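Participant: 3D, please:
(2 chains)
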Amino acid sequence: MKTAAYRQPEQIAEIVLREPLDKTRASWVERVRSADHKVIGTTLIGFSLISVVLAGFTELLGWAQLAVPDNTLFTPERFYTLHTLSDTTFLFLFALPLFAGLATYLLPLQIGARSTAFPRISALGAWMVVFGGAFLYFSLFINQWIGGMNMSMPLAGAFYSSGSGADIFIVSMVMIAGGLACNAVDLAVTFKTMRAPRMTSGDAPVFAYTSSVYAYGVLATAPVMVAAGLMALIERQWQLFGIFDPVNGGDALLWKSLFQWWVHSAPFLVTLMAIGAVCEILPVATRTKLLHRSEVKQSLIAFAALGILSFGQVLFGSPISTGWKCTFMLAGTLMIVPTFIFITSWVRTLRAGSLEVSAHALFALSFIGFLALGVIANTALSLPTLGRWLAGSQFGYAAWHTFVWTSAATAGFAGLLYWFPKITGRKVASFKARLSFVMISLGTLVALFSMASLGLDGFPREISEYGAGMGQARNIEAGVATLIAALGTIGLLINFIQSSTKGAPSGNDPWRGSTLEWFAPSPPPANNFDSIPDVDGAQPLDGIRSRIAAASGGLAGSVAQSPTAGRPSLRESKH
Amino acid sequence: MALPQAASAGVASPNPGASPTGQDVFVLYLLVIGLGAVAVLALIRNLWIALRHRPDELPKQEEGLAPLAIAAAFVALGLTVAGAIGMGRDHTPEASAAGTPSDYKAEPFSDPGLKSGHMVKTPAGPAMSVNVNGQQYLWRYTYSGKQSGTSYRDLVIPKGVTVLLNFTSSDVVHSWWVPDFGGSFDAVPGYFNRGWIRADKTGVFKGASTTMSGSNYQSMTTRVIVLPVKNFEAWAESKASDNSDATSALAAENSGATGGTTK
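Facilitator: From the prediction side, this is the model:
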């Protein structure tokens, strides 16, 4: 890629694209065999959007159980099954694949590459995630693990869980973590080696940079899950020696540390990607550029590192040393600093420009508030004395949802709306998307406050039934609010499906973006770019625009359309 | 089934608690949420300014980020210091209330088979110790010293006496959480964990387990029954002669007499 010749915009304008524009959807066989990062990315995004329906459905069944004290709608076993499925699906099958898919789709386009470095490893990873999730749901028909997403040893050991439920759960977790790690290898190497000529790491778009930080974060944590999971399977299978089971000389806290190193870090990696998406969306929506860009990039690294290091919050009630507790506490409280830098940068960016209110800008704006709330709750959980009190209550569950569901549902959906024209070549129906925004953000806000308030009244986190007079009103409130958010989400998904075939053609650069993905046609051809554009600074399209303006003597509109200006878009000509 | 409840808890904060350890939770919560409320209000104000005014109406000047970021770091460090003070108090049990009979003595816990990482010191004055064992799906309390005996599900303690709780588990990981007495303690198999509480008022306080322990996890509840010292000693004596589960009846009788919060 480094050897690609520079071309001037006028030359680019004359290049005829080789790929037909209307061939955008891969058939199933092509999808499985494809090594195109865009097909892999849409596979992950599509999978995550199917998963969010399942996650919401299982969550609502849980709230239905809790709407009535001493409810017998589900047996405790069935309730714990639903709880485990709901948590796992939200985090590992919805939030992480959504952002991994967006990163896989956009990273090469943003850095001016024609492909990723190891597309087949990425494809393997994506399908491992898909089959890991399918395996988890398949276990409903055999023997489902009921011991919660934060599975503890020796409960999941051979003695206390002799059935195949724990085996299947561990295998699913290993497949998903391993799949995301494969994908992360591809993202990290692509960012490191395949940037357009003259694009420095500092010039790279913030979302691409975030994808790289995310990839290193996944590579630091997910392989530990794979190793711990394999050890647990070996111990369960042969029981020759103790690794995690104290009866054989193993260590239950070792398991907790290794397992939570991944499971506790994953929500922060989701939020990290959400931050990156908002850094991309807000400046374009306000017609300006991101202020404090280099500080934001440094803060992304700090946020990921501190988020991973604060995994020890789960050990505050356990017999560990004061030094470790202080380390975990400091990591958790210091997350205030990068968060403060992100929010200050966004607020000042909004002030420097004028916001054009679109559906994706609204979703991105609401993320600012939810991020503030999430980090405040996380700070409370970081102080050992207070965290031991809060973590086991519904307050801890509300904080977890703020990092997982809310990050993906505000910034994640904002990213989907923002890049939807690039992926499909069509615009999303805006009014319906705004309606979904109101339902999702209000429903989520009310549900989070109801859950936090339940927790502060001493309501434990993962409980299948409760006595009369112990917070029924709050449980109903949380359930109804969740239902409203779920209906908004379903509406948005239907909107996506309809808009992908019936939406108004968007052109190549509907938002006047400043990063390279808007230089490629919508949807991008298989090779992304016929010629790699000459990158000049952090806003490469601005430079290209001004050069076109100088060459043509007029104002440049959407520059990305200039390469195809010589021939009518096939897609648009049909309408 | 019974859950910890919060008849006296506010909507937006934990209950101040029946023990110094519970009050620490309340104070730290107010600290974090107070600072958080200030931060959220500042965010709303700045967003309002940013979105309402046109850019040309605002002063154009480069604003520094470093001083503000350093201020945020100091807030984080300040919270860490507050958290460390709270942790120090977790590890240093307070003395029993004045007037506690001097024959209350915490007995050392020793089981060479268990690893221990806990940092809780043994208090100097009169105190008592109870071994708390988690097992699927109940809590077993073994009293030491002159109150020797065992109770299941209900922990009975005298008012004003510092109680060391030695946590063990005979099967899987459990967490013991009675909200009025502070945060949860893990009972981890293979480990010996320790915490302390001191009940400053009589009454019945409900608690639950907060680590998923299997299919009957929701029924793994507990109660702490706080009696005046005299009544506690009467209970301990009756317990020694008759090991039947008389705790509930006695507690109901006493909580009415002492005006404690019956929950």
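Participant: domain ranges for chain A?
Facilitator: For chain A, whose domains are defined here by automatic domain parsing, the residue ranges read A:28-264, A:272-506, A:507-523+A:536-575.
Participant: Ignore what I typed, I meant chain B.
Facilitator: According to automatic domain parsing, the ranges for chain B are B:20-55+B:65-91, B:115-258.
Participant: Dump those domains into CSV; add mean neighbour count and mean pLDDT as well.
Facilitator: C-beta: built from backbone N, CA, C; applies to glycine. What follows is the domains of chain B, written out as CSV (neighbours: other C-beta atoms under 10 Å in any protein chain shown; pLDDT from 0 to 100):
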stretch, mean neighbour count, mean pLDDT
domain B:20-55+B:65-91, 17, 93
domain B:115-258, 21, 85
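Participant: and of those, who's closest to chain A?
Facilitator: Proximity of these to chain A was assessed by C-beta to the nearest C-beta; the nearest stretch is domain B:115-258, lying at 2.6 Å.
Participant: Does at least one residue of that closest one sit close to chain A?
Facilitator: Yes: when contact is scored as C-beta under 8 Å from any C-beta of the partner chain, part of domain B:115-258 falls within range of chain A: B:115-119, B:136, B:171-173, B:175, B:177, B:179, B:182-186, B:188-194, B:208-218.
Participant: Distance to residue A:191 added to the domains of chain B, as CSV?
Facilitator: Rendered in CSV, the data for the domains of chain B read as follows (distance: least, C-beta to C-beta, whole Å):
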stretch, distance to residue A:191
domain B:20-55+B:65-91, 25
domain B:115-258, 39
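Participant: Show the residue spans covered by the strands in chain B.
Facilitator: For chain B, applying DSSP state E gives strands covering B:115-116, B:128-135, B:138-143, B:149-152, B:154-158, B:162-169, B:174-177, B:185-187, B:191-198, B:203-209, B:222-227.
Participant: Can you tell me the strand partners of the third one and which way each runs?
Facilitator: Put plainly, it is strand B:138-143. strand B:128-135 (antiparallel), strand B:149-152 (antiparallel) (DSSP bridges).
Participant: and what of the last one?
Facilitator: Here strand B:222-227 is paired, per DSSP bridges, with strand B:154-158 (parallel), strand B:203-209 (antiparallel).
Participant: centre of the chain versus it, how much separation?
Facilitator: Remark: strand B:222-227 is offset 13 Å from the chain centroid, using C-alpha atoms, centre = their mean, to the nearest Å.
Participant: swap in the fourth one?
Facilitator: Here strand B:149-152 is found 21 Å from its chain centre; the criterion is C-alpha atoms, centre = their mean.
Participant: Same question for stretch B:179-189.
Facilitator: For stretch B:179-189, the distance between its averaged C-alpha position and the chain's averaged C-alpha position is 6 Å (C-alpha atoms, centre = their mean).
Participant: what's the span of that stretch, first residue to last?
Facilitator: Taking C-alpha to C-alpha, to the nearest Å, the span from the opening residue of stretch B:179-189 to its closing residue is 23 Å.
Participant: How about stretch A:304-316?
Facilitator: In stretch A:304-316, first residue to last residue: 21 Å (C-alpha to C-alpha).
Participant: for stretch A:88-106, same thing?
Facilitator: So stretch A:88-106: terminal residues 26 Å apart, C-alpha to C-alpha.
Participant: Check whether that stretch comes near chain B.
Facilitator: No: legend: contact between stretch A:88-106 and chain B by C-beta under 8 Å from any C-beta is lacking; minimum distance shown is 13.4 Å.
Participant: tell me the mean pLDDT for the helix or strand that residue A:225 is a member of?
Facilitator: Residue A:225 is part of helix A:206-238, with elements assigned from DSSP states H and E. Per-residue pLDDT over helix A:206-238 has a mean of 96.
Participant: That helix vs chain B: in contact?
Facilitator: No: applying C-beta under 8 Å from any C-beta, one finds helix A:206-238 out of contact with chain B, separated by at least 14.2 Å.
Participant: in that helix, what counts as buried?
Facilitator: Neighbour-count burial for helix A:206-238 flags A:206-218, A:220-222, A:224-226, A:228-229, A:231-232, A:235-236 (criterion: 16 or more other C-beta atoms under 10 Å in any protein chain shown).
Participant: So, low pLDDT: which residues of chain A?
Facilitator: Applying pLDDT under 70 to chain A flags the ranges A:1-26, A:552-575.
Participant: For the residue nearest the centre of chain A, give me its contacts.
Facilitator: Chain A has residue A:99 as the residue nearest its centroid, 3.4 Å off, counting by C-alpha atoms, centre = their mean. By C-beta atoms under 8 Å, 6 or more residues apart in numbering or on different chains, residue A:99 lies in contact with A:214, A:270, A:273-274, A:277, A:408, A:412, A:415.
Participant: please redo it, this time with the cut-off set to 6 Å
Facilitator: residue A:273 (C-beta atoms under 6 Å, 6 or more residues apart in numbering or on different chains).
Participant: hang on, it in a helix?
Facilitator: Yes: note on residue A:99: a helix contains this position according to DSSP: H, G, I helix; E, B strand; the rest coil.
Participant: Kindly provide the distance from it to residue B:159.
Facilitator: 54 Å (C-beta to C-beta, to the nearest Å).
Participant: again with residue A:391
Facilitator: Distance from residue A:391 to residue B:159, counting by C-beta to C-beta: 29 Å.
Participant: swap in residue A:291?
Facilitator: Taken as C-beta to C-beta, the spacing of residue A:291 relative to residue B:159 amounts to 59 Å.
Participant: do residue A:538 as well
Facilitator: When C-beta to C-beta is applied, the distance between residue A:538 and residue B:159 equals 66 Å.
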